[in-house]
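Asks: kindly generate the corresponding structure for this input.
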Amino acid sequence: MRVFLIVLDSVGIGGAPDGEKFNDGGSNTLKACFQSGKLNIPNLKRLGLYNIDGVDFGQKTDMPLGAYARLIEKSNGKDTTVGHWELAGLVSNEPFPTYPNGFPKEIIEEFELKTGRKVLCNRPYSGTEVIKDYGREHIETGNLIVYTSQDSVFQIAAHEQVVSVNQLYEYCQIARKILVGKHSVGRVIARPFVGDEKEGFKRTANRKDFSVQPPKKTMLDCLKENGKQVIGIGKIGDIFGGQGLTESIKTKSDSDGIEKTLEVIDRDFDGLCFVNLVDFDAVYGHRNDVDGYAENLNRFDIGLGKILKELKESDILMITADHGCDPSTPSTDHSRECVPLLIYGNNVNPINVGKESFSTVGKTVCDLFRVKNDLYGKSIYDKIMR
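Replies: Modelled structure (predicted):
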């Protein structure tokens, strides 16, 4: 038995019941891409993407290939970490701390003391703008660029010729140990960049996330403890702090993530292949690049066609997302949205499951493997399997 679970990072479908609470009323990432006029996703359409409840755009298909559902988030947040955790059966009732005015003095002073470097910025900032505005000073002084966003993140940017990538990772681990208790942010993120002031600075593919460890067992732990292989592709290993994985495969881009997934499909194993494709969020959503976002969906759809051809008879493919990041709004941060769930396999009923929670994914995956668990959520195994 093999299950391939692919998270299209930030591909929300709008309409979160509590979107206004998060200042995201009206956000709809997929609709923004559709309205660009550039979206061409025939394989996702065939699986039933436009047939999902509440999707009031795009052409529905009369005979979807897969089961499909609209997932609503229960956790108190709209971050990558809480989104993935809930998909894996762990609901976060308490929000991670955020820092709209920058990190407190005691945190910065301890970080400076333990790294031996001073800090620049220390306030919410766009990742591309912060290196543009502070890159020169960082190169001249060696001081670290520390910034945050509306999400619970402590981000450290450094030029790869000033601070080696491995050294930057060590600084992130130092920050991770400092940020505990009430300051336990969801993620510490290494943001290495290259370039110069004249030609412009550019972030590299050497980003690395250092997430807080899940406080309880997740779908990954349940599967691993029952002898199943749990292969993480992309930043899955970072999001779960390596917990519950038997193998972690890094990627350089979404295209690379698709290729790595195809390589794993070629292997014999019994278990879960859990994939995160982060470029939707990091490269396009946070930069308000509507056309780029739509074109990345088109590229994924082409890769999806290859994946569908390579799946074995008993394989199950699940495609979902962890939150939204509407590139058409003034905000460059995540948006609180519902997300799609598409499930395909030879023994899957092509039905409309309706509305479920994010945690439905973890419960259903465990049922597919006949693994007993105490995860939050409700399985739809009996609905979708023939």
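
Asks: from here on, contacts and neighbour counts on C-alpha atoms
Replies: Will do.

Asks: keeping just the C-alphas, turn the lowest-mean-pLDDT helix or strand in the chain into CSV.
Replies: When the helices and strands of the chain are scored by mean pLDDT, DSSP states H and E, strand 208-211 comes last with a mean of 91. Listed in CSV are the C-alpha atoms of strand 208-211, where the atom choice follows Å, rounded to 0.1, in the frame of the first residue of the first chain:
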residue,chain,number,x,y,z
LYS,A,208,15.7,26.0,5.8
ASP,A,209,12.9,26.0,8.3
PHE,A,210,13.4,25.1,12.0
SER,A,211,9.9,24.4,13.3
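
Asks: how far does the helix or strand that it is followed by sit from the chain's center?
Replies: Once the chain leaves strand 208-211, the next helix or strand it forms, by DSSP states H and E, is helix 219-225. Taking the mean of its C-alpha atoms, helix 219-225 sits 20 Å from the chain's own mean (C-alpha atoms, centre = their mean, to the nearest Å).

Asks: list the contacts of the longest strand along the chain.
Replies: If you go by DSSP state E, the chain has its longest strand at strand 187-196. With C-alpha atoms under 8 Å, 6 or more residues apart in numbering as the contact definition, strand 187-196 has outside contacts at 81, 131, 135-136, 152-161, 165, 168-169, 172, 175-176, 201-204, 206-212.

Asks: tell me the mean pLDDT for that strand?
Replies: Averaged over strand 187-196, pLDDT sits at 96.

Asks: can you list the strands that it pairs with?
Replies: strand 153-159 (parallel), strand 200-203 (antiparallel), strand 208-211 (antiparallel) (DSSP bridges).

Asks: hey, C-alpha coordinates of the helix or strand where Pro340 lies in PDB?
Replies: Element membership for Pro340, per DSSP H and E: strand 339-344. C-alpha atoms of strand 339-344 as PDB (Å, rounded to 0.1, in the frame of the first residue of the first chain):
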ATOM      1  CA  VAL A 339      -8.400  24.300   0.900                       C
ATOM      2  CA  PRO A 340      -9.200  21.600  -1.700                       C
ATOM      3  CA  LEU A 341      -8.800  17.900  -1.200                       C
ATOM      4  CA  LEU A 342      -8.600  15.700  -4.300                       C
ATOM      5  CA  ILE A 343      -8.300  11.900  -3.900                       C
ATOM      6  CA  TYR A 344      -7.500   9.600  -6.800                       C
END
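
Asks: what packs against that strand?
Replies: Counting contacts by 3 or more C-alpha pairs under 8 Å, 6 or more residues apart in numbering; DSSP states H and E, strand 339-344 packs against helix 42-47, strand 67-72, strand 316-320.

Asks: where does Val275 fall, phi/psi-wise?
Replies: For Val275, the backbone dihedrals (degrees, to the nearest 10) come out as phi -120, psi 140.

Asks: pretty sure Gln173 contacts Phe210?
Replies: Yes: contact criterion C-alpha atoms under 8 Å: Gln173 and Phe210 qualify, at 7.3 Å.

Asks: pick out whichever of the two has more residues nearby.
Replies: Legend: neighbour count by other C-alpha atoms under 10 Å for Gln173 and Phe210, higher for Phe210 (25 against 17).

Asks: and that one, how far from Glu356?
Replies: For Phe210, the distance to Glu356 equals 29 Å [C-alpha to C-alpha, to the nearest Å].

Asks: ok, back up a step: dump the strands paired with strand 187-196 to TSV, plus distance to Glu259.
Replies: Formatted as TSV, the strands paired with strand 187-196 follow (distance: least, C-alpha to C-alpha, whole Å):
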stretch	distance to Glu259
strand 153-159	28
strand 200-203	22
strand 208-211	20
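
Asks: out of these, deepest packed?
Replies: strand 153-159 (a mean of 26; mean count of other C-alpha atoms under 10 Å).
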